[in-house]
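K.L.:
I would like the atomic coordinates for the input below:
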Amino acid sequence: MSISELESSQEPLEKKVHLPKTSESETLKRIRHTASHVMAMAVQKLFPKAQVTIGPWIENGFYYDFDSPEPFTEKDLKSIQKEMVKIIKRKLPVIREEVSREEAQDRIQKLGEPYKLEILAGLQEPITLYHLGDQWWDLCAGPHVENTVDIDPNAIELESVAGAYWRGDETKAQLQRIYGTAWETPEQLAEHKRRKQEAIRRDHRRLGKELGLFIFSDLVGPGLPLWTPKGTLLRSTLEDFLKQEQVKRGYLGVTTPHIGRVDLFKTSGHWQKYQEDMFPMMADDEEAKTNEQGFVLKPMNCPFHIQIYKSELRSYRELPMRLAEFGTVYRYEQSGELGGLTRVRGFTVDDSHLFVTPEQLEDEFLKVVDLILFVFKSLQLTNYKARLSFRDPSLDKYIGSDEVWNKSEAAIRRAVETLGMNYFEGIGEAAFYGPKLDFIFQDALEREWQLGTVQVDYNLPERFDLEYVAEDGTRQRPVMIHRAPFGSLERLVGILIEEYVGDFPIWLAPVQFRLLPVSQEFLPFAQEIALRMRSAGIRAEADASSERLGKLIRNAEKDKIPVMAVVGAKEIEANCLNIRTRADGELGAIPVEDVIQQLQQAISSYGNFTKTV
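P.N.:
So this is what the prediction gives:
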């Protein structure tokens with residue numbers, strides 16, 4: 001009996017129009033900055049009591065924050081957009097004016113705009129105003145288009161309204177933020193809107209709930225995902241995959257606590273340079289709190305691994321020492337910055353710290369990159385680029401000497417050049433203790449995510465006074481390599497859900513195979529086969545519901561089961577399974593033992609189930 005219903009509803013993506021980010025296009029930067037001013041002018045014309053605050057461009061559009069006594073509605077957004085079109089068509093010149101601080105203050109006071117006065121107080125001279133004709137102006141540094149006619153009214157759209165606190169401070173006034181987008185052409189706007197719809201279809205928060213992978217609970221708290229049995233299977237599969245590969249490559253597993261003394265993080269520098277991203281200290285009493293004597297949730301695993309290394313005097317013969325842990329860390333992210341699994345407060349890093357001699361550094365670095373590339377290939381992630389994340393010498397957020405930083409950055413540059421990798425530099429993207437090589441993955445919607453990372457660190461070995469006994473008997477300082485091929489399990493799972501649209505490769509799928517009995521009469525046989533498959537290492541199940549076959553098939557499709565099989569009288573008689581895969585559709589009747597072998601082959605090779613002819 002064949003499965004003839006429900007072809008996969010997924011359509012291949014159409015050829016995309018390139019959509020540059022604002023930071024990549026001076027033209028878009030001017031269009032969007034001016035569009036935000038046009039929007040603010042339109043708002044104040046329609047809502048005279050609304051006061052403006054700030055209105056910058058963002059990577060895919062712009063926004064403006066308003067203090068308005070009445071909440072804006074979706075209907076209001078349509079009215080505001082119509083008014084924007086009228087303003088654009090008036091062909092108003094955009095005029096830059098430089099004024100004294102006193103003149104700016106006088107004009108703002110006459111307008112009765114207290115937020116602008118506060119903004120003015122924080123500005124460096126020269127103070128510049130930008131006017132839309134003689135109708136409206138605001139404090140602004142630019143840049144802008146020369147005339148509103150330079151904005152295509154058919155390439156703009158107001159998208160949403162949200163709450164926002166003044167200056168991002170929850171203790172200050174709550175404002176209303178209107179988001180909009182603007183493009184050079186209507187075709188770009190249409191592509192942007194299509195991608196927004198595609199992003200909704202791929203949204204890992206929705207798919208994760210539908211597939212039963214994870215939940216969030218208000219009682220537990222925002223940014224703290226709870227993994228269901230299916231989600232835990234997915235996580236465990238990823239962990240096991242990497243652990244097995246790491247064992248082959250000489251890594252040693254360790255386990256460390258979730259909290260540690262503040263003094264540990266003072267030594268590492270996290271307390272001084274990273275404290276605002278850490279959860280508050282837990283102290284026994286006020287005196288301990290005043291003296292900063294207490295415990296904190298760990299934001300990183302490296303200081304703990306360092307203590308394991310330092311617990312014995314190491315010989316050069318023990319190096320490189322590769323300590324690895326799937327360690328959960330905690331970052332006190334602002335609530336407004338949280339987003340599903342991709343930005344959370346508690347996440348698990350596939351962390352490892354390699355302690356190497358200076359002579360071993362480059363070879364070990366290349367081996368780590370090889371591991372990261374193997375992981376990406378196995379996960380079918382191909383669209384990525386390498387970023388050399390170096391420090392910005394003008395900032396004071398780093399630890400260590402110029403000499404150490406120059407040495408670390410040179411080592412990373414040599415490694416990527418040895419590999420012949422295409423790369424770009426990200427100045428200011430380094431960790432506070434060392435530069436790194438980050439792998440930036442671009443998904444199906446051209447959004448960029450940082451995944452794998454590998455970092456060279458001369459600073460922490462110095463701060464923790466790490467040593468090893470060299471071949472000549474002297475005490476020498478090791479170099480550390482920090483690496484995480486996944487980055488974090490949470491972010492990786494979120495990205496994979498969206499990249500695969502929930503259709504995981506068979507080796508990753510929480511349920512790899514489902515048997516669909518035509519009626520309850522055939523359920524015992526289906527359950528027997530499922531048991532044999534589970535004994536063979538295959539995540540298989542038999543659908544025990546009493547639904548009609550068509551509903552069983554639809555449920556399996558909805559649950560995105562990679563391989564399914566109908567079980568009826570003919571299959572039992574022939575000891576076969578009638579197979580259908582989501583990737584290739586109907587494959588027909590295949591003997592049970594062949595199905596098991598082909599499933600095992602697909603899973604072990606990180607490939608797809610295919611019928612052997």
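K.L.:
Can I take it that residue 176 is in a helix?
P.N.:
No. Going by DSSP: H, G, I helix; E, B strand; the rest coil, the assignment for residue 176 is strand, not a helix.
K.L.:
any idea how far residue 397 is from residue 464?
P.N.:
20 Å (CB to CB, to the nearest Å). C-beta coordinates here come from the backbone N, C-alpha and C atoms, glycine included.
K.L.:
Who has more neighbours out of these two?
P.N.:
The residue with more neighbours, out of residue 464 and residue 397, is residue 464; 18 against 13, by other CB atoms under 10 Å.
K.L.:
so where is the stretch 351-500 of the chain shaky, pLDDT-wise?
P.N.:
By pLDDT under 70, the stretch 351-500 of the chain contains no weakly predicted segment.
K.L.:
Could I get the full set of helices for it?
P.N.:
361-378, 402-419, 459-463, 489-500 (DSSP state H, counting those that start in this stretch).
K.L.:
okay, these in CSV with mean neighbour count and distance to residue 173 next?
P.N.:
Compiled in CSV, the helices of the stretch 351-500 of the chain are given as follows (neighbours: other CB atoms under 10 Å; distance: least, CB to CB, whole Å):
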stretch, mean neighbour count, distance to residue 173
helix 361-378, 19, 46
helix 402-419, 16, 42
helix 459-463, 19, 42
helix 489-500, 24, 33
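K.L.:
Make JSON lines from those helices and add distance to residue 522 to it.
P.N.:
Formatted as JSON lines, these follow (distance: least, CB to CB, whole Å):
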{"stretch": "helix 361-378", "distance to residue 522": "36"}
{"stretch": "helix 402-419", "distance to residue 522": "55"}
{"stretch": "helix 459-463", "distance to residue 522": "62"}
{"stretch": "helix 489-500", "distance to residue 522": "31"}
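K.L.:
Which of those helices sits closest to residue 273?
P.N.:
Closest of the helices of the stretch 351-500 of the chain to residue 273 is helix 459-463, at 10.9 Å (criterion: CB to CB).
K.L.:
how far is that closest one from where the chain is centred?
P.N.:
On the basis of CA atoms, centre = their mean, to the nearest Å, helix 459-463 sits 29 Å off its chain's mean C-alpha point.
K.L.:
What helices and strands are in contact with that helix?
P.N.:
helix 262-268, helix 302-310, strand 479-484 (3 or more CB pairs under 8 Å, 6 or more residues apart in numbering; DSSP states H and E).
K.L.:
what's the most buried one of these?
P.N.:
strand 479-484 (a mean of 24; mean count of other CB atoms under 10 Å).
K.L.:
Outside of that strand itself, list whatever touches it.
P.N.:
Residues from elsewhere that reach strand 479-484 (CB atoms under 8 Å, 6 or more residues apart in numbering): 302, 306, 349-358, 361, 364-365, 368, 371-372, 431, 434, 436, 452-458, 460-461, 466.
K.L.:
now swap in stretch 512-524 and tell me
P.N.:
Residues contacting stretch 512-524 (CB under 8 Å, 6+ apart): 1, 3, 506, 525-527, 529-530, 533, 538-544, 546, 549, 552-553, 556, 559, 561-569, 571-572, 577, 599, 603.
K.L.:
what about it, how long is it end to end?
P.N.:
End-to-end distance for stretch 512-524: 20 Å, by CA to CA, to the nearest Å.
K.L.:
Just the buried residues of that stretch, please?
P.N.:
Residues 512, 513, 514, 515, 516, 517, 518, 522, 523 are the ones in stretch 512-524 that count as buried (16 or more other CB atoms under 10 Å).
K.L.:
now, the most widely separated pair of those?
P.N.:
Across the buried residues of stretch 512-524, no pair lies farther apart than 512 and 518, at 21.5 Å, counting by CB to CB.
K.L.:
about what we covered before: go through the contacts of stretch 512-524 and flag which are in strands.
P.N.:
Among the contacts of stretch 512-524, the members found in strands (DSSP state E) are 540, 541, 542, 563, 564, 565, 566, 567, 577.
K.L.:
so which of the helices and strands packed on helix 459-463 comes closest to residue 289?
P.N.:
Of these, the one closest to residue 289 (CB to CB) turns out to be helix 262-268, at 10.2 Å.
K.L.:
and the closest one, what's its mean pLDDT?
P.N.:
When pLDDT is averaged over helix 262-268, the result is 94.
K.L.:
ok, now which ones touch residue 59?
P.N.:
Here residue 59 is in contact with 21, 22, 23 (CB under 8 Å, 6+ apart).
K.L.:
and it, how far is that from residue 254?
P.N.:
39 Å.
K.L.:
Equivalent analysis for residue 213, please.
P.N.:
28 Å.
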